[in-house]
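In: requesting a structural model of the entry that follows:
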Amino acid sequence: MANQIASGSELLEYVREFSLREDEILRDLRRATAELPAGETMQVMPEEGQFLAMLVTATGVADVLELGTFTGYSTLCMARALPPQGRLITCDISARWPEIGAEYWRRAGVCERIEVRIGAAIDTLEEMIAEGRHGEFGLVFIDADKRNYPRYYELALQLVRPGGLLVLDNTLFFGRVVDPLAVDADTVGVREVNARIRDDRRVDICMLPMADGITLVRRR
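Out: Predicted coordinates:
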């Protein structure tokens with residue numbers, strides 16, 4: 001019982017059978033995304049989307065910031081979990097992918113809760129800080145380009161309120177974080193942010209071996 005069990009395909013199917021509640025809208029979006037180049041690799045697993053929605057519900061947050069929209073599966077999961085007056089700002093480098101998700105957001109009746117910001121995420125975060133939006137968000141989900149994770153982390157920490165959560169995706173990065181031969185910029189960025197969070201006394205942390213690694217960070 002002390003060691004992590006291996007999660008093969010059969011066990012994953014068991015988890016989905018007994019816990020996943022993916023409705024038709026989410027399923028349609030996931031299938032449409034899977035048809036895109038690298039679509040299956042880039043979108044969050046349905047279990048992770050459900051987990052994000054539960055975090056939003058359990059914490060009662062009404063303000064969410066997301067870095068990395070892609071086709072908006074996680075966006076939809078979190079927006080649905082918000083209270084009626086809740087707001088989600090999602091950031092992507094290109095309008096092409098969020099435009100795909102917008103159709104499904106409308107079908108789910110949450111389109112008006114979602115604001116899309118297009119541009120480099122670092123620029124968007126710095127603009128928000130310059131606007132005086134320190135401590136505005138209850139939850140920040142980081143799932144953009146990995147090489148900039150250390151910078152995203154520091155900027156997002158200014159925008160999340162005390163007691164709020166940062167959720168970082170891909171913090172195990174396909175297992176490359178423990179491969180000494182993996183020295184590409186993305187892997188290095190993930191390793192750096194993991195080490196930075198570990199040593200950061202401003203926060204409480206929990207790294208979960210779920211999906212491709214999810215790290216929860218609570219600002220003290």
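
In: list the buried residues for the lowest-mean-pLDDT helix or strand in the chain?
Out: Least confident element among the helices and strands of the chain, by mean pLDDT, DSSP states H and E: helix 39-42 (a mean of 88). Buried positions in helix 39-42, judged by neighbour count with 16 or more other CB atoms under 10 Å: G39. All C-beta spots, glycine's among them, are computed from the backbone N, C-alpha and C.

In: next: stretch 206-220.
Out: 207, 211-219.

In: in strands only, show me those.
Out: 207, 214-219 (DSSP state E).

In: what's the closest of those to I25?
Out: Ranked by distance to I25 (CB to CB), these are led by I214 at 23.3 Å.

In: which residues touch the closest one?
Out: Listed by CB atoms under 8 Å, 6 or more residues apart in numbering, the contact set of I214 reads 48, 51, 167-169, 171, 207-208.

In: just the buried residues out of these, in PyMOL syntax.
Out: To isolate the buried subset of the contacts of I214 in PyMOL, counting by 16+ other CB under 10 Å, use the following:
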select buried, resi 48+51+167+168+169+171+207
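
In: can you list the ones in strands among the buried residues of stretch 206-220 in TSV and add pLDDT?
Out: As requested, those are exported to TSV (pLDDT from 0 to 100):
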residue	pLDDT
M207	97
I214	97
T215	98
L216	98
V217	98
R218	98
R219	98
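
In: would JSON lines of the residues you listed with distance to L26 be doable?
Out: Shown next, in JSON lines, are those (distance: CB to CB, whole Å):
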{"residue": "M207", "distance to L26": "26"}
{"residue": "I214", "distance to L26": "19"}
{"residue": "T215", "distance to L26": "24"}
{"residue": "L216", "distance to L26": "22"}
{"residue": "V217", "distance to L26": "26"}
{"residue": "R218", "distance to L26": "27"}
{"residue": "R219", "distance to L26": "29"}
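
In: could you single out the nearest of those to A32?
Out: The shortest approach to A32 among those belongs to I214, at 24.0 Å (CB to CB).

In: what's opposite the closest one in the beta bridge?
Out: D169, L208 (DSSP bridges).

In: state the distance from it to A120.
Out: For I214, the distance to A120 equals 24 Å [CB to CB, to the nearest Å].

In: ok, R218 next?
Out: In terms of CB to CB, R218 sits 27 Å off from A120.

In: the residue sitting nearest the centre point of the chain: what's it in contact with?
Out: Against the mean C-alpha coordinate of the chain, by CA atoms, centre = their mean, the closest residue is F141 at 3.8 Å. Shown in contact with F141 (CB under 8 Å, 6+ apart): 52, 64-68, 74, 78, 167, 169.

In: and for R87?
Out: Counting by CB under 8 Å, 6+ apart, R87 has contacts 62-64, 113, 115.

In: switch the cut-off to 10 Å
Out: 62-65, 79, 112-115, 136-137 (CB atoms under 10 Å, 6 or more residues apart in numbering).

In: of those, which is the nearest to R151?
Out: Out of the contacts of R87, the member with the shortest distance to R151 (by CB to CB) is L65, at 14.9 Å.

In: looking at this, the closest one is in a strand?
Out: Yes. Looking at L65 with DSSP: H, G, I helix; E, B strand; the rest coil, it is inside a strand.

In: so it sits against G135, correct?
Out: No. Look at L65 against G135 with CB atoms under 10 Å: they stay out of range, at 11.7 Å.
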